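Novice: Sequence first, then the predicted structure, then my questions.
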Amino acid sequence: MTEIGQAAPDFTLQANENQTISLSSYRGKNVVLYFYPKDMTPGCTTEACDFRDYHPQFKQLDTVVLGISPDEVKSHDKFVAKHELPFPLLADPDHQVAEAYGVWVLKKMYGREYMGIERSTFIIDKQGNIAKAWSKVKVKGHVQEVLQFIQEELQA
C-alpha cells in the first residue's frame, strides 16, 4: 500500500459519461478515492449508494469522490444511471492504478485463488498527498468514518 504523507500516484482514466479524469486536476480539493471490486454487486452497490447519500456533505467539505474498479466504462454508465450516482466512476480494466495503490491483490474465495481489487479507500489532501488509507474495508459505516476523518483532520 501507499504510505500516509507521500504523494498520491497520479493517473488519468476514462470514466462514465465519456469523461477523462486525472487525479492531478483535483489539486486544491480533498479527494476520496475508493477502489471497489465490481459494479452492480451487493457490497459495491451499498458502498456507492452510501457515498451518494453523503455526497452533499462531502461537497460542503470541498471534497471530491471518485470510485475506481476494473469494470469497463459501459458498465459504469449503467451503474451510475441505475443508482443516480453524483460522482464519477473510473475504469481501470488493466488494473494499473489499482496496482500503483497496492490494492490489486491475491484473493481467495471458496478455495479458489484469483487476482482482484481489495476494497480500499484513500483520502488525498489538497496538496495531493495521501492523508489516510483504509484497506479491507467493511462497507457498513465506512462512508461515515471517511466523512468524519475529513471533518476532523482536513478542515482548517
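Specialist: Done, it's in.
Novice: so Ala133 sits right up against Ile124, yeah?
Specialist: No - Ala133 is not in contact with Ile124 according to Cβ atoms under 8 Å; the separation is 9.8 Å. Using the backbone N, CA and C atoms, a C-beta is placed for each residue, glycine as well.
Novice: Between these two, point out the one with more neighbours.
Specialist: Applying other Cβ atoms under 10 Å to Ala133 and Ile124 shows that Ile124 carries more neighbours, namely 27 against 19.
Novice: Phi first, then psi, for His17.
Specialist: Check again: residue 17 is Glu, not His. Here is the backbone geometry of Glu17 (degrees, to the nearest 10): phi 60, psi 40.
Novice: Report the separation between it and Tyr114.
Specialist: From Glu17 across to Tyr114, the span is 30 Å (Cβ to Cβ, to the nearest Å).
Novice: cool, Ala91 as well?
Specialist: Distance of Ala91 to Tyr114, given as Cβ to Cβ: 19 Å.
Novice: These two - which one has more neighbours?
Specialist: Ala91 (19 against 8).
Novice: Need phi/psi at that one.
Specialist: With angles defined as degrees, to the nearest 10, Ala91 sits at phi -90, psi 120.
Novice: contacting residues for Met40?
Specialist: Met40 is in contact with 75, 78-79, 82, counting by Cβ atoms under 8 Å, 6 or more residues apart in numbering.
Novice: For Ala15, see how far away it is.
Specialist: 17 Å.
Novice: Can you give me the buried ones in stretch 84-95?
Specialist: For stretch 84-95, the neighbour count (16 or more other Cβ atoms under 10 Å) marks 85, 87-92, 95 as buried.
Novice: What lies in contact with the helix or strand bottoming out on mean pLDDT in the chain?
Specialist: The weakest-scoring helix or strand in the chain, judged by mean pLDDT, DSSP states H and E, is strand 104-109 (a mean of 91). Identification of contacts with strand 104-109 by Cβ under 8 Å, 6+ apart yields 95, 98, 113-118.
Novice: okay, which residue is most central for this structure?
Specialist: Centroid-nearest residue in the chain: Tyr34, 1.6 Å away (criterion: Cα atoms, centre = their mean).
Novice: List the contacts of the helix or strand containing it.
Specialist: Assessed by DSSP states H and E, Tyr34 sits inside strand 30-35. The contact list for strand 30-35 (Cβ under 8 Å, 6+ apart) reads 8, 23, 47, 51, 58, 61-69, 98, 101, 103, 117-126, 131, 137, 146, 150, 154.
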